[in-house]
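Chemist: Quick one, fold the following:
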Amino acid sequence: MRKNIYSDSSVSIILNAVAFLFLLTLVASCKPKTAEVSISNEIIGSSKVVLDDTLLLRILPESLKYSTILLSVGMHSYTINGGEKKNFEVTEEGGILNLGRQEFVIFPITYTNTTSEDVNHAIVAANYPILLADSLVVYNKDVANSQAELIQLLQNENAKDFLNRDLIKVPADQLFISKSWDFDLDQNPTDSISVKVESKNTKTHGFRSKITDTKTFLMYSKLLDEYKVERVENKQQLEELLKKSEEE
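Modeler: Numbering: from 1, shown residues only. Modelled structure (predicted):
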């Protein structure tokens, strides 16, 4: 039987190598997770925004309305023009740092296949519900022909049956908006998506979501024939009825 005899120096080299590999593994496992965070170029361009006391934000080349940066997951702080320091938490999903305190809307987009065996699904509807924003109201023409009829419908007990529950309104006071959508602020929805079809005899649907600021949402709604965008006639009454129907 052959025996291997290691010198003290050989053993030391092996142990050092093992320790080094262990250290590399430990460092890799401790590396902080990062996430993409979008910030309005309007704010960055007009104000001095400093993150974590050290990082002065600037508009990134080739960005549109928003610049996207990588930040470690966890707590951060910022100041605007040397003002009060404020804290926010970045989630693993990433999202939007809402420095401009804008109201946002996350709305669903429905895709369907043109034939039962087609795996490529095209957009068939962007489901816009009733929405109040500033002095305007948006509603589907299939729901009502006028605001008076809309108010009458909202007074019915079954109002929640035709209100779209998939739309999410993000209030202006929400500082960090964690990502829950598919298409980002500067990203247009794709014309089609690929969906697995299990049966060639069945038409199926696919669903995605898009986020946008409320003002852009209103402008886009004006281009759609099925929706009315009007100056609200009785904002307080409409707000109370919508709130009541959402609570039911």
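Chemist: pLDDT weak spots in this protein?
Modeler: Applying pLDDT under 70 to the chain picks out residues 1-31, 114-130, 134, 157-167, 197-202, 226, 245-248.
Chemist: Helices of that one, start to end?
Modeler: 8-30, 41-46, 147-154, 214-221, 235-247 (DSSP state H).
Chemist: what's the neighbour count on the closest residue to Arg58 other than its chain neighbours?
Modeler: Take Arg58 and drop its neighbours on the chain: the residue closest to it by C-beta to C-beta, 6 or more residues apart in numbering is Ile44, 6.5 Å away. In short, each C-beta sits where N, CA and C put it, glycine included. Using other C-beta atoms under 10 Å, Ile44 has 19 neighbouring residues.
Chemist: for Ile44, what are its contacts?
Modeler: Residues near Ile44 by C-beta atoms under 8 Å, 6 or more residues apart in numbering: Leu57, Arg58, Ile59, Ser67.
Chemist: closest to Ile39 among those residues?
Modeler: Distance to Ile39, by C-beta to C-beta, is smallest for Ser67 among the contacts of Ile44, at 5.6 Å.
Chemist: Quick check: closest non-adjacent residue to the closest one.
Modeler: Leu60 (4.2 Å).
Chemist: What's opposite Leu70 in the beta bridge?
Modeler: Counting by DSSP bridges, Leu70 is bridged to Glu36.
Chemist: contacting residues for it?
Modeler: Leu70 neighbours (C-beta under 8 Å, 6+ apart): Thr34, Ala35, Glu36, Val37.
Chemist: thought the first one was touching Ser72?
Modeler: Yes - the criterion here is C-beta atoms under 8 Å, and Thr34 meets it with Ser72 at 5.5 Å.
Chemist: one step back: could you count how many residues lie near the residue nearest to Ser67?
Modeler: 13.
Chemist: just the one 3 residues further on next, same as before
Modeler: The local packing count at Ser63 equals 14, with neighbours defined by other C-beta under 10 Å.
Chemist: cool, the one 10 residues further on as well?
Modeler: Burial of Val73 is recorded as 15 neighbouring residues (other C-beta under 10 Å).
Chemist: Can you tell me how far the closest residue to it other than its chain neighbours is from Ile151?
Modeler: Distances taken as C-beta to C-beta, 6+ apart put Lys33 closest to Val73, at 4.5 Å, once the chain neighbours are dropped. According to C-beta to C-beta, to the nearest Å, Lys33 and Ile151 sit 48 Å apart.
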